[in-house]
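Engineer: Sequence first, then the predicted structure, then my questions.
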Amino acid sequence: MIGHVSLEEEIEVDFSRARRKALLRQVRTRLRRDGASDGLLCFDEVRKYHGTAVGRVYRGMRTVAVAQIAGSVSRCSEFDRSFMPTRASSEERWKHMDRAFHRGEGLPLVSLYKVEGLYFVLNGHHRVSVVSYHGVEWIDAEVTEFGASGLWSERKDMDALSAPSKRGGLSMREMTSLELAKQRHEERLREAESSRQAKALRDSRKWRAGRRSALAWELKWHAGRLLKFLRALRNVGKDRETCHMSVKEDVRGRA
């Protein structure tokens with residue numbers, strides 16, 4: 001049990017909220033009418049654009065910031081850019097991972113492709129979605145880097161964040177990652193504020209419900225005491241009446 005809610009009910013609520021977040025984000029994106037997409041970046045498109053068809057290096061197990069996971073290798077349309085599920089068909093698998101998360105079970109490593117500091121999910125979309133929903137900031141993953149020549153240093157990877165491309169203007173890394181980071185930061189601030197307000201409202205409702213329950217119990221207790229007192233008075237009256245009748249009968253008997 002989680003509070004007064006069972007685990008299965010909590011999981012059902014989690015998936016419903018995750019789907020609702022994805023739906024609301026889709027609506028906001030359409031209302032903006034600026035042509036921006038609310039979906040994930042697609043690995044093949046980014047790789048072709050950036051010319052990273054060669055230079056594949058397996059990096060092994062790494063701990064990766066969830067905010068840097070920006071796309072997918074094969075399921076770009078099934079999650080939005082914050083990895084909330086956009087399709088009801090993902091329900092069973094999503095709930096399975098959410099159940100494991102609530103139970104504290106160790107989740108298998110996700111498999112990620114890395115291109116210029118951005119990560120794309122090869123395997124483990126639902127795991128990334130669940131930890132993203134719960135606000136987990138880091139995740140363990142097996143990483144394969146594309147566009148790397150030999151042992152690409154972390155320094156070179158960090159320099160790609162700020163150095164302009166040789167062709168002039170912003171590099172693809174800057175255009176995608178910085179905009180994505182800005183959007184996610186703004187969205188998470190809004191979601192954090194919404195969560196804070198929702199929590200405050202829930203706490204207020206719980207307090208009022210608890211107060212009503214306490215008042216109801218107190219009224220019930222006083223009513224019970226009053227009822228016992230009235231019964232006692234009635235019994236005293238009956239005893240007096242019985243005693244009075246007894247005295248009268250005794251007097252008549254003596255007469």
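Structural biologist: Yep, that arrived.
Engineer: where does this protein have its least confident helix or strand?
Structural biologist: Ranked by mean pLDDT, DSSP states H and E, the weakest helix or strand in the chain is helix 154-159, scoring a mean of 44.
Engineer: Three-state assignment for Gly55, please.
Structural biologist: For Gly55, the secondary structure call by DSSP: H, G, I helix; E, B strand; the rest coil comes out as coil.
Engineer: hang on, isn't it packed against Thr144?
Structural biologist: No. Using C-beta atoms under 8 Å, Gly55 makes no contact with Thr144, being 10.9 Å away. The way it works is simple: take the backbone N, C-alpha and C, and place the C-beta from them, glycine included.
Engineer: how about the helices in the stretch 101-250 of the chain?
Structural biologist: Counting by DSSP state H, counting those that start in this stretch, the stretch 101-250 of the chain has helices at residues 125-133, 154-159, 172-173, 179-254.
Engineer: between these, which gets the lowest average pLDDT?
Structural biologist: Per-stretch mean pLDDT for the helices of the stretch 101-250 of the chain is lowest at helix 154-159 (a mean of 44).
Engineer: List the buried residues for stretch 124-138?
Structural biologist: By neighbour count on 16 or more other C-beta atoms under 10 Å, the buried set for stretch 124-138 is 124-133.
Engineer: thought Ala70 was touching Glu116?
Structural biologist: No. Counting by C-beta under 8 Å, Ala70 does not reach Glu116; the two are 10.5 Å apart.
Engineer: mind showing which ranges of the stretch 51-200 of the chain have poor pLDDT?
Structural biologist: Low-confidence segments of the stretch 51-200 of the chain, defined by pLDDT under 70: 51-54, 148-196.
Engineer: if you set the cut-off to 80 instead, what comes out?
Structural biologist: Scanning the stretch 51-200 of the chain for pLDDT under 80 picks out 51-55, 116-117, 147-200.
Engineer: ok, of the buried residues of stretch 124-138, which one's closest to Gly106?
Structural biologist: Using C-beta to C-beta, Arg127 comes nearest to Gly106 of those, at 11.0 Å.
Engineer: Span of stretch 46-59 from start to end?
Structural biologist: From its first residue to its last, stretch 46-59 covers 20 Å (C-alpha to C-alpha, to the nearest Å).
Engineer: What is the neighbour count of Ala70?
Structural biologist: Ala70 is flanked by 22 other residues according to other C-beta atoms under 10 Å.
Engineer: three-state assignment of it?
Structural biologist: The three-state assignment at Ala70 reads strand, by three-state DSSP.
Engineer: Kindly report the same for the one 4 residues further on.
Structural biologist: The three-state label for Ser74, taken from three-state DSSP, comes out as coil.
Engineer: how much space between it and Glu91?
Structural biologist: Distance, Ser74 to Glu91, by C-beta to C-beta, to the nearest Å: 19 Å.
Engineer: likewise Met97?
Structural biologist: In terms of C-beta to C-beta, Met97 sits 11 Å off from Glu91.
Engineer: Comparing those two, which residue is more hemmed in?
Structural biologist: Met97 (23 against 15).
Engineer: Would you mark the buried spots in the helix or strand harbouring the more buried one?
Structural biologist: Using DSSP states H and E, Met97 maps to helix 91-103. Of the residues in helix 91-103, those buried by neighbour count under the rule 16+ other C-beta under 10 Å are 94-95, 97-99, 101-102.
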